[in-house]
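compute the structure for the input listed below.
(one chain, ligands or ions: 3)
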Amino acid sequence: MLLNKALAVRRADAQLPQDVRAALVDSLYLPVAPLAVGALSGAIISAMVATRANDPWLFACCLAIWLVGLSRVASAFLYKRRRDATDFRRVRRWERIYTAAAWSFAALLGLLSILTVLNHTDGALHLVVATTSAGYAAGISGRNAGRPFIAIGQIMLAIVPLAIGLLVYGDVMHAAMGVVLLLFVYSMCDISLIIRDVVVEALVTTRDKAVLTTRFEDQTKRFDVALNNMSHGLCMFDGQNRLLVWNERFLQLAGLPDSAVVAGARAKYLVRRSVRIGNHPEASVPQLWPELRRLSMGEVEQIFMPFRDQRWMALSRRAMPDGGSVVIFEDVTERKQAEDRIAHMARYDELTGLPNRNLFRERIASALARLQRRSGYMAMHLIDLDRFKGINDTLGHPVGDRLLNAVGQRLQAAVRRSDTVARLGGDEFVVLNARLTQPEEAGRMAQRLLDALAAPFNIDGHRVHITASVGIALAPGDGVDPDELMKKSDMALYAAKADGRGVFRFFEPAMDAAAQARRALEMDLRNALGRGEMEVYFQPLIDLKTGRICACEALLRWHHPERGLVSPAEFIPIAEETSLIIQLGEWVLNQACAEAARLPSDVKVAVNLSPAQFKDTNLASTVVTALARSRLSPGRLELEITETVLLQDSHATMRAMRQLQKLGVRMSLDDFGTGYSSLSYLRKFPFQKIKIDGSFVKDLGIDEGSVAIIRAIAGMGADLGMDITVEGIETEEQLRIVKAEGCTEGQGYLLGRPMPADALRKRIADAPTGKRKVA
Ligand code: C2E
Ligand code: MG
Ligand code: MG
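Numbers count the residues shown, from 1 in each chain. Ligands and ions are numbered 1, 2, ... in the order given. Predicted coordinates for the structure are as follows:
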């Protein structure tokens, strides 16, 4: 039984944690004093016994006991100095050293006892050795119980030889003593094993506790470090929303002093402190708390909180299983600013700071929704700056931008706070008048807007005059849909532009019909050339001195299959809007040159060029091709351009005109007197001819001023060596005055209507004097 127990202990020992095993080895050597006292008492008693018995064997035994005893004490001191509980191999070696010495010591004691009992009859000696061995064994059973195998070995080695000696001594007393000693051995061994269990269990428990405590402390330290080195602020609340844990970063981000934050504080208390400290100059507790409450109730997962210096914190909450929560603080100022910037950019125009198309749509939608709930009107004023492109091209884009900005400011200043001024893009603005009681108010407002822009602008030292056209659509009369209102105000704007610009127009249903007709015409126009519906007519220009046809102007005619003859005044603007003009213009040029080549060589041909053609970089080569194909001499081709062309980018225009002039082509300024009529153009651009607009001729004989103008232009033309043609001569009287004022050429129904090429050819051939004299 004892053996079984001992073997079980040995197996359990093999599985002991190393530090426990090391502690048990410690218990063998330490403290050194009892070990030293034990060794010394054994040695002294052995010396006493040997001396009294005066037995050389016993002296030898005694000497050995002294040596082994001393070595044990020495090894204990050494162990005390060199022990290393972490080096398990050394621990095992020390255990082996101890075992060897302890077992030797016990065996020597046993030898001493048996020799004393067998070789001597002195009862006192017998008593000494018996009590010494028994005392030794009893001490060992307790002291070395941690390593019961060693203890059992020591007990056996010390007692069993003595017991054998007593048993074989020969009297009953000794024999009985021997038996008792053997029983004593048994119980000492058993006690040793029992104590071992107690000791080991105590050790393991203490050790586990120590390990756990250390681990917990380490963990707490690590947790602390992690918490305080987080880039986010953190607060942990319990189920009752009381603060449990927070980190340094939370204090920094929330701008709270250490003293303001105490465990157990409620979230609302923290908000109050934060407001009192001045962290939220633009918000009060009643403003901040509802949002925070929703967060703390778990109704939302994240909120944004404003702080001083335009800083923003994001507070995100995560619920914990025990009903508490963790709130993370994050500085999102930059993100928020970027988002705000993007949101602003998405809804405001960067250049003027006015609402853009998107925000305008929102405003108009909510204004229309309001309108449905109450009576009244809403007006949409679509504003387009007249000839803004000319300013952009001549003064440069930076000036154009600043002008747009200034226009925005003036419009804003001219409206009420409840009105919206927006920039839709380019030079297009819109004003939304959401609260009108009478539709007529919209007209007054439009006039106010036009007046606001009438005064000249001073941009970078440039005095800039600008006018605008305004198209007005009214809700609910013209519709209650934003797109529809936009479309209708656009049509009204178109009409305002057509009515000479600088004016406002209300939408009228007829405009819608006109727009539809325009769209239909545009569709037809795309196919007109291909279907052969186009024809070039020629109107003669008469030399007023000789009365002969000196030139003819090519004028495009469209024979529409359903509408009959469509006037170029109607379809040329559409062609210009859609860039069809490039193709049409090229075709006219080719036709005109080809026809002119069949006319007498002193008759020139005049071809109208639209601004869009001038922008086309291929213009010069188109002209060259037309001349080459027709073999017309370049000097017989006149290109008529209006001032609108000159308003475009002057460098590019200048370059194009120089190119054409180099070819030997003549340039004439058409419709002079209708636009700016800036004399500086005449100096700057190389014209050979000016064509005075027909509108001046109409007033001849009625308005003295018109005569004066014609006279002045004719005089200037003569000085500059230019030809002066007068358009639209319809009466003899007009012809007389024009001749008298010194104009060089005349054009008009009186002198010849625009006619097909054949007719013109016939007309020239039939001319009685010099074959082509007219009238
Ligand atoms: P424009 O270049 O000023 O042409 C003169 C216009 O005055 C022509 O109108 C002509 O028929 C008209 N006209 C001539 N004499 C009289 C007259 O005594 N009384 C009146 N009331 N009108 C007279 P049309 O042919 O209808 O052309 C109108 C405008 O269309 C032209 O004005 C020109 O700007 C443009 N156009 C015509 N053909 C072409 C073309 O091939 N290309 C381009 N780009 N524009 C063209
Ligand atoms: Mg013309
Ligand atoms: Mg003209």
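
what's the spacing between residue 267 and residue 237?
7 Å (C-beta to C-beta, to the nearest Å). The way it works is simple: take the backbone N, C-alpha and C, and place the C-beta from them, glycine included.

which one of the two has more residues nearby?
Using other C-beta atoms under 10 Å, the more surrounded residue of residue 267 and residue 237 is residue 237, with 22 against 19.

state the next helix or strand along the chain beyond the helix or strand harbouring residue 489.
Element membership for residue 489 (DSSP states H and E) is helix 482-498. With elements assigned by DSSP H and E, the helix or strand that comes after helix 482-498 is strand 504-506.

contact partners of the next helix or strand after that following strand?
Using DSSP H and E, the helix or strand that follows strand 504-506 in sequence is helix 509-528. For helix 509-528, contacts defined as C-beta atoms under 8 Å, 6 or more residues apart in numbering pick out 488, 491-492, 494-495, 534, 558, 560, 566, 570-571, 574-575, 578, 580.

of those residues, just the buried ones, ChimeraX syntax please.
This is the ChimeraX syntax for the buried subset of the contacts of helix 509-528, where burial follows 16 or more other C-beta atoms under 10 Å:
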select :488,491,492,494,495,534,558,566,571,574,575,580
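
could you identify the most distant pair in the contacts of helix 509-528?
488 and 534 (33.2 Å; C-beta to C-beta).

identify the contacts common to residue 267 and residue 237.
Shared contacts of residue 267 and residue 237, counting by C-beta under 8 Å, 6+ apart, come down to 243, 296.

before we move on, back to that, helices or strands next to the helix holding residue 489 in the packing?
Applying 3 or more C-beta pairs under 8 Å, 6 or more residues apart in numbering; DSSP states H and E, we find helix 482-498 packed against helix 357-373, strand 377-385, strand 468-475, strand 504-506, helix 509-528.

in it, what counts as buried?
Buried, per 16+ other C-beta under 10 Å, within helix 482-498: 482, 485-497.

among those, which one lies nearest to ligand 1?
Comparing the buried residues of helix 482-498 against ligand 1 with C-beta to the nearest ligand atom picks out residue 497 as the nearest, at 17.0 Å.

still on that earlier bit, out of the contacts of helix 509-528, who's near ligand 2?
Among these, not one lies near ligand 2 by C-beta under 5 Å from the ion.

least confident of the contacts of helix 509-528?
Note: of the contacts of helix 509-528, the lowest pLDDT belongs to residue 578, at 84.

can you tell me how far that residue is from ligand 3?
As judged by C-beta to the ion, to the nearest Å, residue 578 and ligand 3 stand 23 Å apart.

the closest residue in space to that residue that isn't next to it in sequence: neighbouring residues, count only.
Distance criterion C-beta to C-beta, 6 or more residues apart in numbering; nearest residue to residue 578, sequence neighbours excluded, is residue 522 at 6.2 Å. Look at residue 522: counted by other C-beta under 10 Å, it has 15 neighbours.

what's the answer for residue 641, then?
Residues near residue 641, counting by other C-beta under 10 Å: 24.

tell me the contacts of it?
608, 609, 614, 667, 668, 669, 670.

can you add neighbour count, distance to ligand 2 and secondary structure and give these back as TSV?
Converted to TSV, the contacts of residue 641 look like this (neighbours: other C-beta atoms under 10 Å; distance: C-beta to the ion, whole Å; DSSP: H, G, I helix; E, B strand; the rest coil):
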residue	neighbour count	distance to ligand 2	secondary structure
608	23	4	strand
609	23	9	coil
614	22	14	helix
667	18	12	strand
668	23	8	strand
669	24	10	strand
670	24	4	strand
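
I'd like those as TSV, with distance to ligand 3 and pLDDT appended.
Formatted as TSV, the contacts of residue 641 follow (distance: C-beta to the ion, whole Å; pLDDT from 0 to 100):
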residue	distance to ligand 3	pLDDT
608	8	96
609	12	94
614	16	82
667	14	93
668	10	94
669	10	92
670	4	92
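
what's the spacing between stretch 534-542 and its chain's center?
Remark: stretch 534-542 is offset 62 Å from the chain centroid, using C-alpha atoms, centre = their mean, to the nearest Å.

check stretch 464-477 too.
Relative to its parent chain, stretch 464-477 has a centroid offset of 38 Å by C-alpha atoms, centre = their mean.

pull stretch 83-92 out as CSV, backbone CA atoms only.
Below are the C-alpha coordinates for stretch 83-92, written out as CSV (Å, rounded to 0.1, in the frame of the first residue of the first chain):
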residue,chain,number,x,y,z
ARG,A,83,20.3,28.5,-6.8
ASP,A,84,18.5,29.4,-9.9
ALA,A,85,14.9,28.3,-9.9
THR,A,86,14.4,29.0,-13.6
ASP,A,87,17.2,26.6,-14.7
PHE,A,88,15.4,23.4,-14.4
ARG,A,89,18.4,21.2,-15.2
ARG,A,90,20.4,22.8,-12.4
VAL,A,91,17.5,22.3,-10.0
ARG,A,92,17.5,18.6,-10.9
